[in-house]
Every structure is written in C-alpha cells, then in structure tokens.
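Peer 1: Everything below, folded, please.
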Amino acid sequence: MTTKVLCRFLTPEGEPLINAEAVFQLSKSGFSEDQTGIVMPRPITVITDGNGEVDIDLWPSRQIYHVTVDDPQHDVALHYKFLVPEGTENGPPVRLQDIVVDGTLSNTDWDTAAILVIQDAKAAAITAQLAAQAAAQTAATSAAMIGGSINDALQAAQAAQVARDIAQSAAVDADGSRAAAEGVMTLAQSAQTLIINAQTDVLAAMEVVRALTPYYGPTPPANPVPNAQWIDSTDGARYSWILDEDSGQWVEMGSINFDVTLPEGEENPAPIVTRESLGISNVDNTSDINKPISIATQGALNLKANADQLTALANVVGGITKISLGLDAVNNTADVDKPVSTPQKLAMSQLTSHVVVNNTTVINDYVGGAIRMNSNTTAVIVIPENAVVSIPVDSVVIVEQYGVGVVSFSPSPGVTLRSRGGATTLSGQYASAVLHKIGINEWLLMGDLA
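Peer 2: Reported below is the predicted structural model:
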C-alpha cells in the first residue's frame, strides 16, 4: 500500500513556489516495506499548485527518496532526501518535513553496507571502552596522591562517567546495527527467492511456447513436450499429428492440403500460404480502379431509366399546363396579395345572433355577433375582467332586447364601463346597444339606453 506524502516548497523569502517542477525518484531499487514487490527508481514529475504544494503517493521503501525542485523564475533549486514510512488505510498524509533525513547516500550492496555499519559501531565501542579505562585510572591515581587536588579527582571521575555513557551508547548502536544488518540479509534472501521464482516462471513459459510450436519433418521429434504437434511433410503432403499425453503415442489429426516440395535437407520450413488455404480462392488480384462492374451491379443498373427515356419524359413534362391539369381558374397570386373573395365578404356582412333568456357573461363567442335577450324578467349582462375572460381589445358585441324583461349591464370588479350619462340599462323592448372593448379592462357602451 502506498503512502501519501504532502510537500510544500517556499522561496528563501518565504513565498510559495507556484507552478514549479518537482521530480521525485528513489535512490536505487529496493523492496517495499511489506516485501511484496520491488520498488523501481523511476522519476515522477509533478507541478506545485497555487500554494506551492503537491501531494504524491509513494511506495514505502528502506531506500532513500530524492526530490528536486527547480524554479528558474525565482532562481531557486531545492533538493531534499527522505524516507517513506508504511502508511495506514484512510490515514492522514505524511508531511515531507517530518521524514527528511541527513547523510550521504551509498551505492554499496546491502550485505556489505550492513557489515560496515557493524564494524564502525564496534570500533566506536572499543574506543569508548579504552577512554573509560584511562579515565578511571587517572581518577584512582589522583585520589591516591598525597596532597592531590580534589578537583582533579572529581573531574577525572566525571570524565570516567562520560566515557562509560559513551561506551554504553556505542554498545546500543552496535546492537541496533546488528539488527538492521539481519533485516537487510533477510531482504536479500527474499530477493534471491523472488529471482529463483522468476526464473522458474520463465522456464515454464518457454515450455508453453515449445508446446504451441509444431515440429516439421519426415520423422517425429525426439523427447517432445506433452501435447506437442508434429507435421509430417513426407512426399510434399502435410499430415498433422498430436502427442497423446497418457499413451505417449502420436495421434493423427488429419491431412493439410499444402502443395509444397521441400528443399533437400530442410527440416523445419515455414508453411506456404495460398488463397485456397485462406479460403479466398475466388478473390481476383485486381486494383480498385480496374475492377469491372459485377453481375449484380449491372443487373441493378439495367432497371434504371436510360438517357432516351429521360428525354422523352422531359418533353412530356414541358407540355403540361394548368388547363391540362384542370386548374384554369387558379390565379397566380401570392397569399399576401390575395383579395377578399365574394363568399368571404358575404360571411363578414352577416351577424351571428345568440338568443339568451337568462343572465349571461360576455364571452369570445359573442364577439362580432349579437346577444338577443328574449326574457320576460329582468336579465343582467356581466362584463368580465380580462384575467377571467381574455377578449381582444377593439372587439365589438351587439346587445338587443327582444323580450319585455329589462336588460342591464354590470361590470365585474376591476372593469370600467363608460356610457353617456352613466346609463347601464336598455330603454325597453326592441332597444339595442353596442359594447366596444377599448382597453384591457375598459369598455364603452353606446346605444338606446335609459
């Protein structure tokens, strides 16, 4: 599992390095922390964001990573070395400043490096031990001297204690180095195991390739692999055989009709491929530009009209007139220029009368016609608000009082009804009036009113 590393790069003035190129690379190949794979030292390049930050997923390794940041715009070149620890699933990212290490890289092999570390630690321990013995001897001599300085004795004792602490620290370091060396050797043994396994896989793959590659020749091969295939090329014919794994006998699979004569001494010729062997014996070797018209294409062309037939058809079309089509009364007039026809004028001169015996409301059906009120009792014509009944402005409605019942007009709330003297009632039987819509919610009442 990879570990997410969060990095932030700044200029010497403390400003973030924006759009700078950061190159991450492992110092050399090594095993991942859980020893399940090999981490290769390939470079990975990323670009910093507006805060000078990048986050990158890296495989944990005992080898040191390098990161180099170049920013020519600010004349800045940064270089850090760090170790990537093992991460945890859904855990927080690791900050670069927490894993940066100091020291010089070494290309020494793992086992040699481990031995050198142990030798250095052992040498340090021996040196500390000798220093401790010398300090202890100095302390004893100072204490035994008559008139010796007490301060000298105390200082010698303190020096002995320091030397003893150094010796103990060196011993601890030696133990740690020995443990690290053992871990390195364990990794080296694991690497050797992986190499052996890889070699075994390669040999198995080679056996598979051998099994898939047929043998050619007049006699079966010696020491064939299981399920091997042998193609007998005797007398120019090809007979395919396969080795039965259980019985060890060659079983004939069938003949291959390749007409081929083998050169003398040839044991493993490449098979000769022909159009027949590919199943395309009817294909002609003709370029596209020289291909003839196929029988099917010619048959389809024969069903089309020829040039003479098209000329005769054009002559017939040229003799067609509106009289021959029975359209002699049709005028060549654009729609926008067409006049009002006689039937249209007659229809427009006639009114549509709506006989009503009770109260009613003006609706679009009444527009352009007449409301004939034939009631023996008082009847009211309601003028609706435009939001209830949307009647176009400049619409006209005629109202006639045919019965003896009084006919009056009542505007709905929000509607203004204008008339001479504010009259809103027809004067009596056979009186008439005109309603004219002059605004969205404004009507004009004109006629025989009382």
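
Peer 1: CA only for contacts and neighbour counts going forward, please
Peer 2: Noted.

Peer 1: start to end distance for stretch 69-76?
Peer 2: End-to-end distance for stretch 69-76: 8 Å, by CA to CA, to the nearest Å.

Peer 1: cool, stretch 412-420 as well?
Peer 2: Termini of stretch 412-420 sit 19 Å apart (CA to CA).

Peer 1: hmm, who's touching that stretch?
Peer 2: 382, 383, 384, 385, 411, 441, 442, 443, 444, 445, 446 (CA atoms under 8 Å, 6 or more residues apart in numbering).

Peer 1: So which of those is the closest to residue 354?
Peer 2: Of all the contacts of stretch 412-420, residue 382 has the smallest distance to residue 354: 15.3 Å, by CA to CA.

Peer 1: In a helix, the closest one, correct?
Peer 2: No: assessed with DSSP: H, G, I helix; E, B strand; the rest coil, residue 382 is strand; it does not lie in a helix.

Peer 1: which residues touch it?
Peer 2: 359, 360, 361, 362, 409, 410, 411, 412.

Peer 1: swap the cut-off to 10 Å and go again
Peer 2: 359, 360, 361, 362, 363, 408, 409, 410, 411, 412 (CA atoms under 10 Å, 6 or more residues apart in numbering).

Peer 1: beta partners for it?
Peer 2: Beta bridges link residue 382 to residue 361, residue 410 when assigned by DSSP bridges.

Peer 1: next one: residue 78
Peer 2: Assigned bridge partners for residue 78, using DSSP bridges, are residue 69.

Peer 1: ok, it touching residue 9?
Peer 2: Yes: when contacts are counted by CA atoms under 10 Å, residue 78 is listed as touching residue 9 (8.3 Å).

Peer 1: joint contacts of those two?
Peer 2: Shared contacts of residue 78 and residue 9, counting by CA under 10 Å, 6+ apart, come down to 22, 69.

Peer 1: who's more crowded, those two?
Peer 2: residue 9 (20 against 13; other CA atoms under 10 Å).

Peer 1: Phi and psi next, for that one.
Peer 2: When read as degrees, to the nearest 10, the backbone of residue 9 gives phi -120, psi 130.

Peer 1: so how far is residue 76 from it?
Peer 2: Counting by CA to CA - residue 9 and residue 76 are separated by 10 Å.

Peer 1: Residue 17 and residue 92, how far apart?
Peer 2: Applying CA to CA to residue 17 and residue 92 gives a distance of 24 Å.

Peer 1: Between these two, tell me which one has more neighbours.
Peer 2: Per other CA under 10 Å, whichever of residue 17 and residue 92 has more neighbours is residue 17, with 24 against 12.

Peer 1: Now the more buried one: closest residue in space that isn't a chain neighbour?
Peer 2: residue 52 (4.6 Å; CA to CA, 6 or more residues apart in numbering).

Peer 1: how about low-confidence regions in the stretch 51-200 of the chain?
Peer 2: Along the stretch 51-200 of the chain, the parts satisfying pLDDT under 70 run over 102-195, 198-199.

Peer 1: what's the answer for the stretch 351-450 of the chain, then?
Peer 2: For the stretch 351-450 of the chain, no stretch is flagged by pLDDT under 70.

Peer 1: Which two of the contacts of residue 382 have the greatest separation?
Peer 2: Farthest pair in the contacts of residue 382, by CA to CA: 363 and 408, 16.5 Å.

Peer 1: Looking at the two, which is more packed in?
Peer 2: residue 408 (19 against 15).

Peer 1: Let's verify the more buried one: helix, strand, or coil?
Peer 2: The three-state assignment at residue 408 reads strand, by three-state DSSP.

Peer 1: Helices along this structure, start to end?
Peer 2: 96-99, 110-144, 150-212, 295-302, 307-318, 342-349 (DSSP state H).

Peer 1: Need the overlap of contacts for residue 9 and residue 76.
Peer 2: 17, 20, 69.

Peer 1: Surely the first one is in contact with residue 7?
Peer 2: No: judged on CA under 10 Å, residue 17 makes no contact with residue 7 at a distance of 11.2 Å.

Peer 1: Find the residues that touch each one of those two.
Peer 2: 48, 52, 53.

Peer 1: and the second one, how far is that from residue 21?
Peer 2: By that I understand residue 52. 10 Å.

Peer 1: before we move on, back to that, any chance of the contacts of residue 382 in JSON lines, with distance to residue 338 too?
Peer 2: Listed next are these as JSON lines, based on distance: CA to CA, whole Å:
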{"residue": "359", "distance to residue 338": "42"}
{"residue": "360", "distance to residue 338": "39"}
{"residue": "361", "distance to residue 338": "37"}
{"residue": "362", "distance to residue 338": "33"}
{"residue": "363", "distance to residue 338": "31"}
{"residue": "408", "distance to residue 338": "43"}
{"residue": "409", "distance to residue 338": "41"}
{"residue": "410", "distance to residue 338": "42"}
{"residue": "411", "distance to residue 338": "41"}
{"residue": "412", "distance to residue 338": "42"}
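
Peer 1: Can you turn the buried part of those into a ChimeraX selection?
Peer 2: Command for ChimeraX that selects the buried part of those, burial taken from 16 or more other CA atoms under 10 Å:
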select :361,362,408,409,410,411,412
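
Peer 1: any idea how this protein splits into domains?
Peer 2: 3-99, 110-203, 217-286, 343-447 (automatic domain parsing).

Peer 1: Now the third one: average pLDDT?
Peer 2: Spelled out, that is domain 217-286. Mean per-residue pLDDT for domain 217-286: 66.

Peer 1: still on that earlier bit, what's the neighbour count on the residue nearest to residue 17?
Peer 2: 18.

Peer 1: just checking, it touches residue 18?
Peer 2: Yes: contact criterion CA under 10 Å: residue 52 and residue 18 qualify, at 4.9 Å.
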